[in-house]
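Undergrad: Below is the sequence, then the predicted model.
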Amino acid sequence: MRPSVGLRRLISAIVGLSLAGMLAGPVAADNQCNGGELCLWGTAGFGGDFWDPGGSDPDWPFFGIENDDDAVQNNEVTRNLVYNNSGYSGLLYCVAPGELEDDIADARDNQGDSNLLSSFTSCGTLPRP
């Protein structure tokens, strides 16, 4: 016995919605990271301490997110470069416009100390979060 056309359509819709949800990727906390901001979280999955440096910042404050960056979202229109040391030295990773990463790679997480808003929009071959 073959399923009815209505049942086949319902099954197709459910499968389609399930796949769309799996392909959507990580989603940052609602309304926490506004347009024109670089946002960082102290816990993977966009949790824990939250920090928005407000543009380029040569020395993240100790009480903020310094050496505690586990997730990142770039809502700026240009790329952001995150550095291991204050004063923009020791490039860790580049975050392209619109990019978000809910769990920064172990080799680069919990090390950020400064960020530089760049005039470029592409990260090219620079390391990624």
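TA: Yep, that arrived.
Undergrad: ranges for the strands of the chain?
TA: Taking DSSP state E to define them, one finds strands in the chain at 38-43, 47-51, 71-74, 80-85, 89-95, 100-101, 114-117.
Undergrad: among those, which is nearest residue 62?
TA: Minimum separation from residue 62 across the strands of the chain (C-beta to C-beta) falls at strand 47-51, 11.5 Å. For every residue, glycine as well, the C-beta is placed using N, CA and C.
Undergrad: From residue 32, how far off is the most centrally placed residue in the chain?
TA: Centroid-nearest residue in the chain, with C-alpha atoms, centre = their mean: residue 100, separated by 2.2 Å. Residue 100 is 11 Å from residue 32, where distance means C-beta to C-beta, to the nearest Å.
Undergrad: Rebuild the strands of the chain as a markdown table, extending it with distance to residue 129 and mean pLDDT.
TA: Below are the strands of the chain laid out as a markdown table (distance: least, C-beta to C-beta, whole Å; pLDDT from 0 to 100):
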| stretch | distance to residue 129 | mean pLDDT |
| --- | --- | --- |
| strand 38-43 | 10 | 92 |
| strand 47-51 | 15 | 89 |
| strand 71-74 | 5 | 95 |
| strand 80-85 | 8 | 95 |
| strand 89-95 | 5 | 96 |
| strand 100-101 | 4 | 94 |
| strand 114-117 | 12 | 95 |
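Undergrad: Among those strands, show me which one is buried the most.
TA: Highest mean neighbour count of the strands of the chain: strand 71-74, a mean of 26 (counted as mean count of other C-beta atoms under 10 Å).
Undergrad: Now find how far off-centre that strand is within its chain.
TA: Here strand 71-74 is found 3 Å from its chain centre; the criterion is C-alpha atoms, centre = their mean, to the nearest Å.
Undergrad: Repeat that for stretch 67-77.
TA: From the chain centre to the centre of stretch 67-77 is a distance of 5 Å (C-alpha atoms, centre = their mean).
Undergrad: for residue 38, what are its contacts?
TA: Residue 38 makes contact with 52, 53, 72, 73, 74, 75, 76, 80, 95, 115, 117, according to C-beta atoms under 8 Å, 6 or more residues apart in numbering.
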